[in-house]
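Participant: can't give you the sequence, but here's the structure:
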């Protein structure tokens, strides 16, 4: 009957380690996830210019205004549009470069860094 006593499960210390790891990864995820959601929202707004001709975007200023309105609607307030988005008109296409970096404090002198960098070629309407 000694076999049943040796299979009692994890000790209290084992549970504390598991809970600490779960809390660490959950905290990290909750800090980084909003930045990825903002990036995917910006990416969707940029790609929508090509798929939705009813927007009537013909100039770079129209493009900036479209993205700026989308940022206001979606609550993206911690980015300065002129610093993260570069739009150039190349013939009949918009060349869009979305590039920025977000830092989140993790613990002590460690930060989480998310670097977003993507180029788009969008056909003008």
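Facilitator: Nice, thanks for sending it over. Being a predicted model, the structure only gives us computed values, none of them experimental.
Participant: mind listing the strands the particular helix or strand that has residue 88 in it pairs with, and their directions?
Facilitator: Here residue 88 sits within strand 85-90, counting by DSSP states H and E. The strands beside strand 85-90 in its sheet (DSSP bridges) come out as strand 93-107 (antiparallel).
Participant: can you list the buried residues in the partner strand?
Facilitator: 94, 96, 98, 100, 102 (16 or more other CB atoms under 10 Å). Heads up, the C-betas are built off the backbone N, CA and C, glycines and all.
Participant: residue 62 against residue 56, yeah?
Facilitator: Yes - with contact defined as CB atoms under 8 Å, residue 62 counts as touching residue 56 (7.2 Å).
Participant: picking up where we left off before, quick check, nearest of the buried residues of strand 93-107 to residue 78?
Facilitator: residue 102 (8.1 Å; CB to CB).
Participant: shouldn't the closest one be in contact with residue 114?
Facilitator: Yes - using CB under 8 Å, residue 102 is in contact with residue 114, at 4.8 Å.
Participant: overlap in contacts of the two?
Facilitator: Common contacts of residue 102 and residue 114 (CB atoms under 8 Å, 6 or more residues apart in numbering): residue 35.
Participant: circling back to that earlier point, which residues touch the strand holding residue 88?
Facilitator: For strand 85-90, the surrounding residues in contact (CB under 8 Å, 6+ apart) are 42, 59-60, 63-64, 67, 94-99, 124.
Participant: now do 6 Å
Facilitator: Contact with strand 85-90 is made by 60, 63, 94, 95, 96, 97, 98, as judged by CB atoms under 6 Å, 6 or more residues apart in numbering.
Participant: of all those, which comes closest to residue 18?
Facilitator: Out of those, the member with the shortest distance to residue 18 (by CB to CB) is residue 98, at 38.9 Å.
Participant: and the closest one, how far from residue 40?
Facilitator: Separation of residue 98 from residue 40 (CB to CB, to the nearest Å) stands at 11 Å.
Participant: touching the helix or strand hosting residue 61 from outside, list them.
Facilitator: Counting by DSSP H and E, the element that carries residue 61 is helix 60-74. Contacts with helix 60-74, where a contact means CB under 6 Å, 6+ apart, come from 41, 45, 57, 81, 87, 89.
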